[in-house]
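A.B. asks: model the structure of this input:
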Amino acid sequence: MLNIQHLIDDAKCFEAIRELYWPNGVRCPDCESGNIHKRGLHTHQAHRQRYECQACGRQFDDLSETVFEGHHQPLRVWVLYLHFMGLNLSNEQIAAELDLAVGDVQTMTTQLADGIAVKKASATDRRHRSRRSVHCDRP
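C.D. replies: Okay, the predicted model is just below:
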């Protein structure tokens with residue numbers, strides 16, 4: 001039987017994440033500087049690039065501050081999972097396609113929903129702060 005995970009290239013998954021996350025080049029997630037040096041690759045994920053900001057010293061990698069950060073599933077599994085979600089497959093169907101336990105897929109669903117909620121909340125907070133600062137600057 002053919003395992004679909006073997007058809008997905010890890011390097012291309014990380015390349016796609018970089019292009020989506022940093023369309024104008026890698027930037028520091030803290031200070032937004034583009035003065036970044038590569039620090040080698042992740043020890044367990046050969047295509048996951050590590051970086052260091054020369055402006056503020058922050059160390060980060062391709063998955064820092066994304067919904068994929070800190071999870072044990074490889075990025076290619078997440079990419080396939082998102083593809084299957086887009087096809088409106090159930091967790092049970094996705095588990096069967098990816099040869100995962102249904103509980104693992106349910107955990108991924110929860111992690112994705114939680115990550116989206118956190119990102120939405122932080123974007124809302126930034127908008128509110130920016131409105132407050134505009135208000136405070138007016139005479």
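
A.B. asks: tell me the contacts of the residue nearest the centre of the chain?
C.D. replies: Closest residue to the average C-alpha location of the chain: T66 at 3.1 Å, with Cα atoms, centre = their mean. Residues in contact with T66, defined by Cβ atoms under 8 Å, 6 or more residues apart in numbering, are I17, Y21, G115. C-beta: built from backbone N, CA, C; applies to glycine.

A.B. asks: so the first one, which state does it fall into?
C.D. replies: Local secondary structure at I17 is given as helix here, using DSSP: H, G, I helix; E, B strand; the rest coil.

A.B. asks: now E65
C.D. replies: Counting by three-state DSSP, the three-state call for E65 is coil.

A.B. asks: got it, and G40?
C.D. replies: Secondary structure for G40, judged by three-state DSSP, is strand.

A.B. asks: from the recorded domain assignment, give the ranges for this protein.
C.D. replies: Partitioning the chain according to automatic domain parsing yields domains covering residues 9-66, 67-139.

A.B. asks: ranges for the helices of this protein?
C.D. replies: Remark: helices of the chain, listed N- to C-terminal, are 10-21, 75-86, 91-98, 102-137; assignment by DSSP state H.

A.B. asks: turn those helices into JSON lines, columns for mean pLDDT and mean neighbour count.
C.D. replies: Putting the helices of the chain into JSON lines (pLDDT from 0 to 100; neighbours: other Cβ atoms under 10 Å) gives the following:
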{"stretch": "helix 10-21", "mean pLDDT": "90", "mean neighbour count": "15"}
{"stretch": "helix 75-86", "mean pLDDT": "92", "mean neighbour count": "18"}
{"stretch": "helix 91-98", "mean pLDDT": "95", "mean neighbour count": "17"}
{"stretch": "helix 102-137", "mean pLDDT": "69", "mean neighbour count": "12"}
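
A.B. asks: looks like R48 contacts D62 (just checking).
C.D. replies: Yes. Look at R48 against D62 with Cβ atoms under 8 Å: they come within range, at 5.2 Å.
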